[in-house]
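> Model the following, please.
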Amino acid sequence: MLAKEKKLNNTDHFFAYADNSLGEFELQNFKSLMNFYLIFQDRLVIPDSFLINNNNLITLFGSESYGYRKALEKGIIIPAVRQNITSIEELHDQFQSKGDAHSSKEYIRDIDYFSKKHRLSWDLKAVEKQFTESVLKLIQPGTTQYSEFESLLKVGLHNDIFNLLESKGTLHRLEISNIVNQSYKASYPRETNLFLGSITANYQTNIPNLLNLEIAYPQLKQNLVEGRDLIKESRIHHSQSEVKVKELFDHFDSLLFDKEVLSMLNYEEIAQIRSLPEHKNFIAAWNKLLNNEEKKSSEHENDFIIRLDQFNKEVLKTLGLMVNREKFQQLNKRKKQLKILKYTSTGLKLTNTIISFLPIPGVNYIGSGLSMADNLFEKSISSKEKYLESLSNIQSAAGIEILNNNRSGTIKETLGLSSSRLGG
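Predicted coordinates for the structure are as follows:
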């Protein structure tokens, strides 16, 4: 098997909006979100089970009219496939035998065919080991998490988890959940919710953690546990961190955050936008900014703003050619006015950078004032001070938030491979 390796970038993201356990979206909203990340990121990674069972992916990849099969063919959207199967169709057969496959064989064969040259592989045993280690870390004395669950652990959960580990060799989320719900939930409801929420967050981020990928996920009210975003907390390790906030741009006009505009675009238009030299320059500048090189921080920030502005202006011209004139004039009147903030949190071993696009107060911004559950693209904070109070409370504007944990990884791109085999 011939393969060439490509280093993962900070702007390659795991697309968890397709995780049915985190939320279900109407097709047009889902399409808007996927288009948004295809414009603002380099590549999107979607795991095999999402491709089999997410209805929106089944619709968008199942019809040639949307054009997203081309994104699979070009390696812009990359399936993450477990190593112990020879094709996604094989996994589909396993799911189908359990009554848990929502897509057709014809559809999944198309996914196999169009994505045959671009795959990420992941090891199920490595994922199980990583999940086990993450649970053991949660219950390790002296950690921030341990203090939150201490009462629960001291009355027996600590021993129960180690008994499970001794008997099974690895820990599994459902087995832990069953024990916790049966034995502890009635007496320790809050601690139980936080503990189960924490191990679920670890479970949901297992694959992106293993592949060293950042994650794009829905920050919906329904996913908060005791008012906390535990996925974010598990990703940015905010304890013992110093947080710095810097305004990069105070007034930025753009149509790129408009749900209606994004929902109108099929992949052909997205590919046209991505082919702009300004897009490549913008992605390169964003990657440099997220590399956390302190000595060149200001230089990278300035370059990022310049490249984003150039890209945005060119996209405006391109959209003017894609949409009929009257419609474009209507859309252009409601360009979003945003400010761009950079958040940097530095802990003992880790530096995280977050770039947020925040709507300027008082400006008519679609979705402004709605709850997170109703609002896909405007998730903002009221002030810098609110962010400093608690890192876990920050919500990303425009549904985008780039977190860089100084990770690195590798994509194995298979060359000349038949549709029945995977890169490994």
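
> Can you mark which positions in the top strand by length along the chain are buried?
For the chain, the strand reaching the highest residue count under DSSP state E is reported as strand 242-254. Applying a neighbour-count criterion of 16 or more other CB atoms under 10 Å, one finds Val243, Val245, Leu248, Phe249, Phe252, Ser254 buried in strand 242-254. Where you see a C-beta, it was placed from the backbone N, CA and C, and this is true even at glycine.

> Pick the one among these closest to Arg109.
Within the buried residues of strand 242-254, distances to Arg109 taken as CB to CB reach their minimum at Ser254, with 39.5 Å.

> returning to that earlier point: direction included, what does the longest strand of the chain pair up with?
Based on DSSP bridges, the pairing partners of strand 242-254 within the sheet are strand 336-346 (antiparallel).

> Now the partner strand - C-alpha only, CSV.
Written as CSV, here are the backbone C-alpha positions of strand 336-346 (Å, rounded to 0.1, in the frame of the first residue of the first chain):
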residue,chain,number,x,y,z
LYS,A,336,-22.8,41.5,10.2
GLN,A,337,-20.7,43.9,12.2
LEU,A,338,-18.3,42.0,14.4
LYS,A,339,-15.4,42.5,16.6
ILE,A,340,-12.6,39.9,16.7
LEU,A,341,-11.1,38.9,20.0
LYS,A,342,-8.2,36.7,20.8
TYR,A,343,-8.2,34.8,24.1
THR,A,344,-5.0,33.1,25.3
SER,A,345,-4.9,30.8,28.4
THR,A,346,-1.6,29.6,29.6
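
> and it, how far from the chain's centre?
For strand 336-346, the separation from the chain centroid amounts to 18 Å (computed by CA atoms, centre = their mean, to the nearest Å).

> May I see the buried residues of it?
Neighbour counts using 16+ other CB under 10 Å place Lys336, Gln337, Leu338, Lys339, Ile340, Leu341, Lys342, Tyr343, Thr344, Ser345, Thr346 of strand 336-346 among the buried residues.

> quick one: contacts for Ile108?
Leu51, Ile52, Ile88, Glu89, His92 (CB atoms under 8 Å, 6 or more residues apart in numbering).

> so can I have TSV of the residues you listed showing neighbour count, pLDDT and secondary structure?
As requested, those are exported to TSV (neighbours: other CB atoms under 10 Å; pLDDT from 0 to 100; DSSP: H, G, I helix; E, B strand; the rest coil):
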residue	neighbour count	pLDDT	secondary structure
Leu51	26	97	helix
Ile52	23	96	helix
Ile88	24	96	helix
Glu89	19	95	helix
His92	27	96	helix
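
> right, and out of those residues, which lies closest to Asn324?
Among the contacts of Ile108, and counting by CB to CB, the member closest to Asn324 is Leu51, at 34.1 Å.

> Please report how far the closest one lies from Glu268.
Distance from Leu51 to Glu268, counting by CB to CB, to the nearest Å: 21 Å.

> Repeat that for Ser183.
When CB to CB is applied, the distance between Ser183 and Glu268 equals 55 Å.

> Of the two, which one has the most company?
For the pair Ser183 and Glu268, the greater number of neighbours falls to Ser183 (16 against 13), based on other CB atoms under 10 Å.

> Can you check the pLDDT for the more buried one?
Confidence at Ser183, expressed as pLDDT, is 94.

> show me what contacts it?
Applying CB under 8 Å, 6+ apart, one finds that Ser183 lies in contact with Gly156, Leu157, Asp160.

> And the buried residues of strand 336-346, which is closest to Glu299?
Scanning the buried residues of strand 336-346 for proximity to Glu299, where the rule is CB to CB, the winner is Lys342, at 13.6 Å.

> For Lys117, give me the backbone phi and psi.
Summarising the backbone geometry of Lys117 under the convention degrees, to the nearest 10, its torsions are phi -90, psi -10.

> so it touches Gly75, yeah?
Yes. Using CB atoms under 8 Å, Lys117 makes contact with Gly75 at a distance of 6.9 Å.

> my guess is Pro115 meets Ala71, correct?
Let me fix one detail, which is that residue 115 is Ser and not Pro. No. In this structure, Ser115 sits apart from Ala71 without contact. The criterion is CB under 8 Å, and the distance is 9.4 Å.

> Which residues are in contact with each of these two?
Counting by CB under 8 Å, 6+ apart, the shared contacts of Ser115 and Ala71 are Ile77.

> re the thing from before, and the buried residues of strand 242-254 as a markdown table, adding distance to Ile306?
Output for those, formatted as a markdown table (distance: CB to CB, whole Å):
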| residue | distance to Ile306 |
| --- | --- |
| Val243 | 26 |
| Val245 | 21 |
| Leu248 | 11 |
| Phe249 | 10 |
| Phe252 | 12 |
| Ser254 | 15 |
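
> and the residue nearest to Thr192 when sequence neighbours are not counted, how many neighbours?
Closest residue to Thr192 in three dimensions, ignoring its sequence neighbours and counting by CB to CB, 6 or more residues apart in numbering: Lys185, at 4.5 Å. Neighbour count of Lys185, defined by other CB under 10 Å: 16.

> Leu121 in helix, strand or coil?
Heads up, residue 121 is Ser, not Leu. Applying DSSP: H, G, I helix; E, B strand; the rest coil to Ser121 yields a three-state assignment of strand.

> ok, so what distance separates Ala18 from Leu120?
Counting by CB to CB, the gap from Ala18 to Leu120 is 15 Å.

> Next: Leu174.
From Leu174 over to Leu120 the distance is 25 Å, taken as CB to CB.

> ok, residues contacting stretch 135-144?
Residues from elsewhere that reach stretch 135-144, judged by CB under 8 Å, 6+ apart: 145-146, 149, 153, 157-158, 161, 165, 171, 176, 195, 198-199, 202, 239.

> can you do 10 Å?
Stretch 135-144 has contacts (CB atoms under 10 Å, 6 or more residues apart in numbering) with 145-150, 152-153, 157-158, 161-162, 164-165, 170-173, 176, 194-195, 198-199, 202-203, 233-234, 237-240.

> What are the buried residues along it?
Of the residues in stretch 135-144, those with enough neighbours to count as buried (16+ other CB under 10 Å) are Val135, Leu138, Ile139.

> For it, measure first residue to last.
End-to-end distance for stretch 135-144: 13 Å, by CA to CA, to the nearest Å.

> distance between that stretch and the chain's centre?
For stretch 135-144, the distance from its own C-alpha centre to the chain's C-alpha centre is 25 Å (CA atoms, centre = their mean).

> avg pLDDT for it?
Stretch 135-144 comes out with an average pLDDT of 85.

> when you give positions from now on, start the count at 884
All set: I'll call the first residue 884, so the last point we hit is now stretch 1018-1027.
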